[in-house]
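Enquirer: sequence and predicted model, in that order:
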Amino acid sequence: MIFQNTQGGSISISDSVFKNIAGVAATNCFGVKGMAVRSMTDGLVHLLRKEAMGKGVRVEFLNENTISIDLHIIVDHGVNIPAVSEAIISEVRYVVESSTGVSVQAVNVFIDSVTMDD
């Protein structure tokens, strides 16, 4: 959790807020099918519904007002994976920092699967 002190009081931002903001920002990028999670029972990668996309995001609190974000995603077949990944990194960093005022040290993108359907 991040704590910020202001003139009027204090603000605390939980990891679920960062997960939701990062998940929405990532899935709005071209070529991203959605967030992914690996099943503990069968080991397969599953596409998460929009209401559960935070499960595909991990947030690490590094020091005061600095975080690192890991994103597990599924991309569309035929996209340029390095270009899509760079767009995701840029977009997630911008949206999280502008929404929360918290510095994002790193955004790590893990491509867990590629879809073969439309």
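Expert: Received the coordinates, thanks.
Enquirer: now do S12 against I2, distance only.
Expert: 7 Å (CB to CB, to the nearest Å). Yep, even glycine has a C-beta here, placed from its N, CA and C like the rest.
Enquirer: now V75
Expert: Note on V75: its distance to I2, by CB to CB, is 30 Å.
Enquirer: more crowded one of the two?
Expert: Legend: neighbour count by other CB atoms under 10 Å for V75 and I2, higher for V75 (24 against 19).
Enquirer: that one and A83, how far apart?
Expert: Counting by CB to CB - V75 and A83 are separated by 11 Å.
Enquirer: what do you get for K33?
Expert: As judged by CB to CB, K33 and A83 stand 16 Å apart.
Enquirer: so those two - more neighbours on which side?
Expert: With neighbours defined as other CB under 10 Å, K33 and A83 compare such that K33 has more, 17 against 11.
Enquirer: I'd guessed D15 sits against V59; true?
Expert: Yes - using CB atoms under 8 Å, D15 is in contact with V59, at 4.6 Å.
Enquirer: no more questions from me, cheers.
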